[in-house]
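**Q** Sharing a model prediction with you, sequence too.
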Amino acid sequence: LKFGPDLIWNKIRNEDGGARMIDILRGSDERLLTHQDVAQTDNDNEIQEFRDNGFQIGDKDEINDTGNTYVAWCWDAGTSTVSNTDGDITASVRASPAGGTSIIKFTSNATDNQEIGHGLNAAPSLIIIKNIDATEDWWVIHEGCHATDPWNDRALFLNSTAAITGSWGTVNNQAPTSTVVNISNSTNTAPNDDTNDKIMYCFAPIPGFSAFGGYQGKGGKPFVHLGFRPKFLMIRATTTGRNWVLIDGKRFPYNGDMDALYANSNVAEQNHNAVDILSNGFKIVDDEIGRASCRERV
């Protein structure tokens with residue numbers, strides 16, 4: 001790579017196998033599976049080392065088996081890890097404000113209405129939280145999870161196809177600020193309901209580089225304007241049960257292919273064209289993410 005990755009999300013393409021999430025704060029030897037709710041486990045010689053220009057892999061089937069194909073999506077979260085005391089809970093934070101990406105490791109304290117610093121100097125639009133010590137769903141909190149009230153405590157789960165239902169008690173109806181994210185303990189599975197170690201990934205929009213938002217599915221082939229050519233897309237319906245669709249321009253650089261992988265499933269690459277990637281956004285060409293009356297998040 002042209003940078004040192006701090007967050008790696010990799011998946012086998014041509015065979016069934018779960019997508020692995022590995023970050024520099026937890027260490028290259030610890031993995032989380034995005035299609036499961038389980039705690040982190042030893043990565044068993046899959047990704048061996050973070051390097052300043054890429055990463056080193058081992059010889060396990062999940063990452064480097066002869067004849068198989070793989071993909072890895074990587075993010076740069078800066079060059080140093082600091083102790084962040086901006087919130088009520090002190091956290092280890094590695095952040096790149098220029099890239100809009102931060103990784104936060106903290107220990108929850110089972111107290112309601114707690115703030116945690118994220119280090120981005122801008123309010124994140126997407127927050128992903130996982131309990132790394134115990135079995136618990138992947139919380140995905142997005143500014144567009146509700147059409148009219150973006151931070152109303154609703155959430156999606158990265159390991160599930162379930163639609164948004166009810167109020168989960170995630171951020172205490174408080175939008176993140178340029179310095180902190182608020183987390184709740186108002187339900188038995190809320191992000192701060194216990195005293196376990198958690199990992200949190202925060203993403204803020206950077207004009208011309210990253211964007212987060214929603215669109216109303218209309219059927220047909222709707223166009224979503226971003227203002228730049230995207231290289232990675234994650235799209236999910238909110239009002240009905242659907243897969244987390246992952247698209248990138250490296251596996252299939254030309255429109256007409258664009259086969260999908262699913263974050264919530266261990267199935268191999270799905271042989272259907274989901275989107276056309278354009279110079280200023282993308283066009284939906286598959287009902288999986290463009291069906292009429294379904295509200296989608298990207």
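**A** Great, that's in hand.
**Q** In a strand, Glu62, correct?
**A** No: according to DSSP: H, G, I helix; E, B strand; the rest coil, Glu62 belongs to no strand; its state is helix.
**Q** Contact partners for it?
**A** Contact partners of Glu62, counting by CB atoms under 8 Å, 6 or more residues apart in numbering, are Ile12, Gly17, Arg20, Glu46. Every residue, glycine included, has its C-beta placed from N, CA and C.
**Q** If the first one is in a bridge, with which residues?
**A** What it means is Ile12. When bridges are called by DSSP bridges, Ile12 pairs up with Tyr70.
**Q** how many other residues sit next to it?
**A** Neighbourhood size, Ile12 [other CB atoms under 10 Å]: 23.
**Q** Next one, pLDDT for it please.
**A** Note on Ile12: pLDDT of 95.
**Q** do Met258 as well
**A** Value for Met258, per-residue pLDDT: 78.
**Q** And for it, the neighbour number?
**A** 22.
**Q** who touches it in this structure?
**A** Ile247, Phe252, Asn273, Ala274, Val275, Asp276, Ile277.
**Q** residue contacts, Asp29?
**A** Asp42, Asn43.
**Q** Leaving out chain neighbours, which residue sits closest to Tyr46?
**A** Just to correct that, residue 46 is Glu rather than Tyr. Ile63 (4.4 Å; CB to CB, 6 or more residues apart in numbering).
**Q** For Glu15, which non-adjacent residue is spatially closest?
**A** That would be Ala268: by CB to CB, 6+ apart, it lies 5.4 Å from Glu15.
**Q** What ranges does the stretch 151-298 of the chain have for its strands?
**A** 156-157, 180-183, 197-203, 214-216, 223-225, 232-237, 245-248, 261-262, 275-278, 281-284, 295-297 (DSSP state E, counting those that start in this stretch).
**Q** Just the buried ones from the contacts of Met258?
**A** With burial judged by 16 or more other CB atoms under 10 Å, the buried subset of the contacts of Met258 is Ile247, Phe252, Asn273, Ala274, Val275, Asp276, Ile277.
**Q** what about His118, how many neighbours?
**A** Each residue near His118 was counted by other CB under 10 Å, and the total is 31.
**Q** Touching, it and Val181? I think so.
**A** Yes: using CB atoms under 8 Å, His118 is in contact with Val181, at 5.6 Å.
**Q** any common contacting residues for the two?
**A** What both His118 and Val181 touch, as defined by CB under 8 Å, 6+ apart, is the set Pro124, Met200, Cys202.
**Q** Many thanks, I have nothing further to ask.
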